[in-house]
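**Q** Can you look at this prediction? I've put the sequence above it.
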Amino acid sequence: MSSADDVAKAFCQHFYQTKDANAAQLAGLYTAQSVMTFEGQQFVGTQNIMQKLQSVGVVKHTVKGMDVQPSTSDSAILIFVTGSVQIDNGNPLHFCEMFQLVATGPGAYYVHNDIFRLNYGL
């Protein structure tokens, strides 16, 4: 069984590579119960989250740091990511993003919570 750090590292690599290439392919990571807060706006369910992710434009993420903690049970982990993102080939902006992953089976997780925020003035 993978450690929380291994799961988080693999998840982040997959998530940001996929988000940068084709955000629509992230739909399988979310469920009807998933909640995403993006810059203070809340979206619930796969369809609403995917609409928001696809509306952002062309993005390129560079992950600079990642912290991982166990969550409320052995089947959930918290991941906090910091880095920079370019939107539509603009200047890089600092961001932070928090995920709570919940296991659906051995080695399989979905995103239960996703909070994204740009960090201005750093």
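**A** Everything's here; your move.

**Q** what is the rounded mean pLDDT of stretch 23-37?
**A** Averaged over stretch 23-37, pLDDT sits at 97.

**Q** And that stretch, what's buried?
**A** Residues Ala23, Leu26, Leu29, Tyr30, Ser34, Val35, Met36 are the ones in stretch 23-37 that count as buried (16 or more other CB atoms under 10 Å). (Each C-beta comes from the backbone N, C-alpha and C, glycine too.)

**Q** Same check on stretch 48-57?
**A** By neighbour count with 16+ other CB under 10 Å, stretch 48-57 contains the buried residues Asn48, Ile49, Met50, Lys52, Leu53.

**Q** Kindly export that stretch (C-alpha atoms) in PDB.
**A** Extracted C-alpha coordinates of stretch 48-57, given in PDB (Å, rounded to 0.1, in the frame of the first residue of the first chain):
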ATOM      1  CA  ASN A  48     -20.300  22.400 -12.200                       C
ATOM      2  CA  ILE A  49     -16.700  21.900 -11.300                       C
ATOM      3  CA  MET A  50     -15.700  20.900 -14.800                       C
ATOM      4  CA  GLN A  51     -17.500  23.900 -16.300                       C
ATOM      5  CA  LYS A  52     -15.400  26.200 -14.000                       C
ATOM      6  CA  LEU A  53     -12.100  24.400 -14.700                       C
ATOM      7  CA  GLN A  54     -12.600  24.600 -18.400                       C
ATOM      8  CA  SER A  55     -13.600  28.300 -18.300                       C
ATOM      9  CA  VAL A  56     -10.300  29.400 -16.900                       C
ATOM     10  CA  GLY A  57      -8.400  29.300 -20.200                       C
END
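
**Q** mean confidence score for that stretch?
**A** Here stretch 48-57 scores 95 as its mean pLDDT.

**Q** re earlier: output the buried residues of stretch 48-57 as a markdown table; include the columns secondary structure.
**A** Listed next are those as a markdown table, based on DSSP: H, G, I helix; E, B strand; the rest coil:
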| residue | secondary structure |
| --- | --- |
| Asn48 | helix |
| Ile49 | helix |
| Met50 | helix |
| Lys52 | helix |
| Leu53 | helix |
